[in-house]
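Visitor: curious how this folds, go ahead:
(chains A and B)
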Amino acid sequence: MESMKRLSDHLATRVKELTRLREGGTKLIGYAPGGYMPEELVYACGAVPVGLIRGGDPEPVGESAAYVPRFMDTFCRAQIGYRMLGEEPLYQMLDLLIVPVTDHNIKTIADCFNFFAHDDVFRFGVPHQKDEHAFEYYLAGLHALREKLEGFTGNKIDDAHLREAITLCNRMRELLKEISLLRKSEQPPLAGYEFVKLNHASFIADKAVLIDALESVLQELKEKPPSGAYGPRVLLTGSTLAMGDYKVLEMTEAAGAYIVIEEFAEGMRHYWENVQPDGDLMEALADRYFRRRQPPAWFRPSRERLDYLIELARDFNVDGIIWYQLLYRSSYDIQSFYFEKMVKEQLGIPMLKVQSDYDVSEKGPLRTRIETFIEIMKAGRRG
Amino acid sequence: MRVNIKNTITAGVDVGAATAKTVIVTDGKILSHAVIPTGDSVARAAEKVTAAALEEAGLSMPDLGFVISTGYGRNGVAFANKAVTEIICHAKGVNFLIPAARTVIDIGGQDSKVIGVREDGNVSDFVMNDKCAAGTGRFLEVMADVLGLDIEEMGPVSLTSKEPCLISSTCTIFAETEMVSLRAEGRTREDLVAGIHRAVASRVAVMGRTVGYREQVVFTGGVAKNIGVKNALESGIGLPILIPEEPQIIGALGAALLARNELS
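Guide: The predicted structure follows:
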């Protein structure tokens, strides 16, 4: 598709563009993903947000061994590795890193960027239980973040700018969601792999360029004739789906299945809900990023997220679920054990759990698992 | 290779981590089979082992109507018409030989698997260990080497053990250390080998619980030739285990049978 090409051309020159902006005095603000950092606040103070979502390469994971213990989430170790190796330009040009602290893995990114690379880091807490105190606590975190950003950039965040930023981000989310939902069709007009690339681009691309490209993509997809190809439909979920870590998507779709929805912070959590800009705008942000966040914020009680996933699987009419887990992200790992039981009992479809440490040696066995799983789904459809 | 529809002779080629196997079948009958070490080249091993099987059956390459490759090297077999994972092929092969089979334990050179098999020979569920050598044929090879035993001797040797050693490490390196100290304590070769078999069996027995062990349980792969591991597995899962006559060629057999389906 022509518009997708335009977007990837934009991404290819994005580092250059960001360097120029930065030389002109614009602040680049990086943030750790997880879905708790409202980009709106960054835009509203005239800065540019950059999501740290790169992953899948073995070298940074190896490099991280000099800074953190091995028994930590692979993705988080990779973030530290990218920063310390110095080969990934986006990781070297941040003026400030924002880390909403959800667990010790994410917190360690903040600590290492700060301690070993001397980066300016701002942390705020994400509550583990969802209740009214929790909402107030999260909101207080956003207020502290706002103060930090205002002080850091010297620009006051007023309602007019914030509202404008909300409109911009809402439009992006709306488009991503509409494109994503096209995959509810029996013959999805785009592969999961293609959609994920669009979604990942939204963490880095210029929002105006992105929205323009997404509008054309949507139009092109709506006009696209059905392919006539049918394959098993897969819900992909797990801990982290990083930019560049496309092996599961590639192998699954190469074997003839469709990934129709991705439940990750770097998947649907990024675009599913919009901010409703009525009343106090800070509260509206907290409402979207914490209270109404889908699937439910954090997972205590765990059941909320798992029940949500079951409904999602029904809604997208999937034939199977792939749980893609990074090594040592135990909060997710623990969930996978009872989720598999729930899937069997409530949906009667198969689930495949695969783990990765971003290691090259994983590919062969991973392919064997995925291909077998797809055969099981196909046999399930026939019989 | 072009598909020869007229021909009902098909082959399955299983290129595993340690050995390559080819089975040739025609309409529900095994014509021949061959097994060779995989060596340094998947492509060469596949060609050589298939040539050997063809020769035994008095056939040549153009006689094959369809070829399916399987195993780790499945995508490196140029003359195959299709590649299918070894999990699917093992289920199919076992289902053909032992229709009552509902669970397959496959322990090969590099990994181990527990596979749930449906009545129709399709896979219902599976679990696979490939992160390390624990619970694989490689683990046994390393231990045999430490003890100066031939891999084939291990099974029979272990049968005379009165009190198998307890080897608690599942890591090959740590288990080796553990065995070296047990040997220093003066434990007999028989008890050491029996302990090693138990370590492999308990690792696999626990791994397969997510799939569940349903009768009839069938044991395949090169390690199934080891009677000691078989006995340890039976006590580990609490069910009797059947071993096909040639446990090493089941994947290739399944592939050959699936190839036959492709023609009809």
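Visitor: angles on the backbone of the residue in the stretch 151-300 of chain A positioned nearest to chain B, please.
Guide: For the stretch 151-300 of chain A and chain B, the shortest gap (Cβ to the nearest Cβ) falls at A:Ala255, measuring 9.6 Å. Placement of C-beta: from N, CA and C, glycine included. Main-chain torsions, A:Ala255, degrees, to the nearest 10: phi -90, psi 10.
Visitor: name the nearest residue to it, ignoring sequence neighbours.
Guide: The shortest distance from A:Ala255 to any non-neighbouring residue, by Cβ to Cβ, 6 or more residues apart in numbering or on different chains, is to A:Ile374 (4.6 Å).
Visitor: I figured that neighbour hits A:Glu253, correct?
Guide: No: the pair A:Ile374 and A:Glu253 fails to qualify as a contact (Cβ atoms under 8 Å) at a distance of 9.7 Å.
Visitor: okay, those two: which has more neighbours?
Guide: A direct count of neighbours by other Cβ atoms under 10 Å in any protein chain shown for A:Ile374 and A:Glu253 places A:Ile374 higher, at 26 against 20.
Visitor: find the helix or strand that the more buried one is a member of.
Guide: Taking DSSP states H and E as the criterion, A:Ile374 maps to helix A:363-382.
Visitor: buried sites along that helix?
Guide: Using 16 or more other Cβ atoms under 10 Å in any protein chain shown as the test for burial, helix A:363-382 gives A:364-380.
Visitor: now the helices for chain B?
Guide: Along chain B, counting by DSSP state H, helices occupy B:42-57, B:86-97, B:137-147, B:154-158, B:172-184, B:189-207, B:227-237, B:250-263.
Visitor: mind checking the SS state of A:Gly46?
Guide: Secondary structure, DSSP: H, G, I helix; E, B strand; the rest coil: A:Gly46 is coil.
Visitor: tally of neighbours for it?
Guide: Other residues lying near A:Gly46 total 17 when counted by other Cβ under 10 Å.
Visitor: now for it: which residues touch it?
Guide: A:Thr26, A:Lys27, A:Thr153, A:Asn155, A:His161 (Cβ atoms under 8 Å, 6 or more residues apart in numbering or on different chains).
Visitor: and whichever strand or helix holds A:Leu352, what does it pack onto?
Guide: Element membership for A:Leu352, per DSSP H and E: strand A:351-356. Secondary-structure packing of strand A:351-356 (3 or more Cβ pairs under 8 Å, 6 or more residues apart in numbering or on different chains; DSSP states H and E): helix A:247-254, strand A:320-326, helix A:330-342, helix A:363-382.
Visitor: other residues contacting it?
Guide: Contact partners of strand A:351-356, identified using Cβ under 8 Å, 6+ apart, comprise A:74, A:245, A:247-248, A:320-327, A:336, A:339-340, A:343-344, A:362, A:366, A:369-370, A:373.
Visitor: could you list which of these also contact chain B?
Guide: Contacts with chain B within these, as defined by Cβ under 8 Å from any Cβ of the partner chain: A:Glu340, A:Arg369.
Visitor: mark which of the contacts of strand A:351-356 are buried, thanks.
Guide: Buried among these (16+ other Cβ under 10 Å): A:74, A:245, A:247-248, A:320-327, A:336, A:339-340, A:343, A:362, A:366, A:369-370, A:373.
Visitor: got any ranges where the stretch 51-200 of chain B has weak pLDDT?
Guide: B:130-131 (pLDDT under 70).
Visitor: again, only this time at 90
Guide: Applying pLDDT under 90 to the stretch 51-200 of chain B flags the ranges B:108-111, B:129-152, B:165-186, B:199.
Visitor: which parts of it sit against chain A?
Guide: B:72, B:84-88, B:111, B:118, B:120, B:122-126, B:128, B:130.
Visitor: select from those the one having the most neighbours.
Guide: Neighbour counts for those, by other Cβ under 10 Å, peak at B:Glu86, which reaches 31 neighbours.
Visitor: just checking, that residue touches B:Gly73?
Guide: No: look at B:Glu86 against B:Gly73 with Cβ under 8 Å: they stay out of range, at 10.1 Å.
Visitor: what sits in contact with each of these two?
Guide: Common contacts of B:Glu86 and B:Gly73 (Cβ under 8 Å, 6+ apart): B:Gly16.
Visitor: am I right that A:Met282 is in contact with A:His143?
Guide: Yes: assessed by Cβ under 8 Å, A:Met282 is found in contact with A:His143 at 6.4 Å.
Visitor: the more surrounded of the two?
Guide: A:Met282 (19 against 13).
Visitor: residues touching the more buried one, list them.
Guide: A:Leu139, A:Leu142, A:His143, A:Arg146.
Visitor: other SSEs contacting the one helix or strand the first one maps to?
Guide: If I follow you right, that is A:Leu139. Using DSSP H and E, A:Leu139 falls within helix A:132-153. Other helices and strands packing on helix A:132-153, by 3+ Cβ pairs under 8 Å, 6+ apart, are helix A:39-44, strand A:96-101, strand A:121-125, helix A:281-286.
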